[in-house]
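Chemist: give the three-dimensional model of this entry:
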Amino acid sequence: MDIIKNPHDTFFKRTLSDKEVARSFLKNYLPSEILEEVNLNDLKIVKDSFVDKALKESHSDILFNVEINNRQGYIYMLFEHKSYYDKILAVQLLAYMADIWELHNKQSKGNKLPLIIPILIYHGNKEWKYGLSLSAIMEDIPEGIDKYIPDYKYLLYDFSNYSDKEIKGIIKLKLFLTLISYKDLGKGLKEVLPLLIELKKQDTGMEYIETVVRYILSTDKEMSLKDLDKMVRNISLEGSEIIMTIAEKLREEGREEGEQRGERKILVETVTTLLEKKLCIEFSDDIIKKIEIAETEKLVKIRDNIFELKTMEEVRQILGI
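Modeler: Predicted coordinates:
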């Protein structure tokens, strides 16, 4: 099975990119005064991500286009998933909002900037202690200077503080929020399994259940499918059957991936050997690495046209290096 490199990011985006799930989250958790001004019926997902490359391992984001007060606006959702505090997150969130305004300004002819409602979903190991505004992390601001200092508030959701009864929404949303709220997977599974069993009854339920299983296995690198099945079996036999249905699918995928990796390795070795013999050279480690990461189609092209190739420059052109 392919272990996901950044399971929190993948789980968050696969869940909240579903408009039905996103709408359920916003309806259940936005303050009533905001819901009165926002039209969630025409919720659109903007594909752009605004997270800085250096922070992609700890931040994930989704931007929603909505009507706010009968005008175009945005809801920006940032998912923070790391084990240590980031006291300047309010600054980073403001920078992402500024990027959204800049992008909107380039794409729109309007004279005024749209409203953005910022939401932070926090998934750290410790309780959030840096307030809910930019000014909360600044030095005391004297009266008279305050009007020159930028400030804003954001909505914070730390579901580790929510009881099971407080976690609301449709089944997929409950699954997501329950899993990110528990630090102890064993305790979390007792709440998750009834939701998985209920979700199985839905047409696309198994697809999301697979997402859940992949997330569990990817966040706990030491747990195998066998370990997970054993843990689940002690809670629910029906839940165990669901897990093992997914397990068989993942095992089959693993076999196919292994076969593909084997074929790819043979292709790389064949192309490298043929080129070195044809051009009468020995490749440096740098060139070998570039061949190893080259697209399969390009390697096949080199292999199939090896007798026509005469110079290293021709090879570089095919590889695009």
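Chemist: what mean pLDDT does the lengthiest helix in the chain have?
Modeler: Ranked by residue count under DSSP state H, the longest helix found in the chain is helix 237-279. The average pLDDT for helix 237-279 rounds to 78.
Chemist: and it, what does it pack against?
Modeler: helix 185-199, helix 205-219, helix 225-233, helix 285-293, helix 296-304, helix 312-319 (3 or more Cβ pairs under 8 Å, 6 or more residues apart in numbering; DSSP states H and E). Just so you know, the C-beta spots here come from the backbone N, C-alpha and C atoms, and that holds for glycine as well.
Chemist: dump the ones you listed into TSV; add mean pLDDT and mean neighbour count as well.
Modeler: Listed next are the helices and strands packed on helix 237-279 as TSV, based on pLDDT from 0 to 100; neighbours: other Cβ atoms under 10 Å:
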stretch	mean pLDDT	mean neighbour count
helix 185-199	81	17
helix 205-219	85	19
helix 225-233	79	16
helix 285-293	86	13
helix 296-304	89	14
helix 312-319	87	14
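Chemist: I'd like these as TSV, with distance to residue 115 appended.
Modeler: Output for those, formatted as TSV (distance: least, Cβ to Cβ, whole Å):
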stretch	distance to residue 115
helix 185-199	34
helix 205-219	32
helix 225-233	44
helix 285-293	44
helix 296-304	46
helix 312-319	48
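Chemist: closest to residue 20 out of the ones you listed?
Modeler: helix 205-219 (11.3 Å; Cβ to Cβ).
Chemist: gap between that closest one and the chain center?
Modeler: On the basis of Cα atoms, centre = their mean, to the nearest Å, helix 205-219 sits 13 Å off its chain's mean C-alpha point.
Chemist: let me see the contact set for residue 170.
Modeler: Applying Cβ atoms under 8 Å, 6 or more residues apart in numbering to residue 170 gives the contacts 20, 21, 24.
Chemist: gap between it and residue 20?
Modeler: Distance, residue 170 to residue 20, by Cβ to Cβ, to the nearest Å: 7 Å.
Chemist: ditto for residue 165
Modeler: Separation of residue 165 from residue 20 (Cβ to Cβ): 22 Å.
Chemist: on that earlier part again, among the contacts of residue 170, which ones are buried?
Modeler: By neighbour count, with 16 or more other Cβ atoms under 10 Å, those hold 21, 24 as buried.
Chemist: which one of the contacts of residue 170 is nearest to residue 103?
Modeler: residue 21 (24.6 Å).
Chemist: please give the element, helix or strand, for that closest one.
Modeler: helix 19-29 (DSSP states H and E).
Chemist: now that helix and helix 205-219, what's the angle there?
Modeler: For helix 19-29 against helix 205-219, the angle by axes from the mean of the first three to the mean of the last three Cα atoms, to 10 degrees is 70 degrees.
Chemist: how far does helix 19-29 sit from its chain's centre?
Modeler: Put simply, helix 19-29 sits 17 Å off its chain's centre (Cα atoms, centre = their mean).
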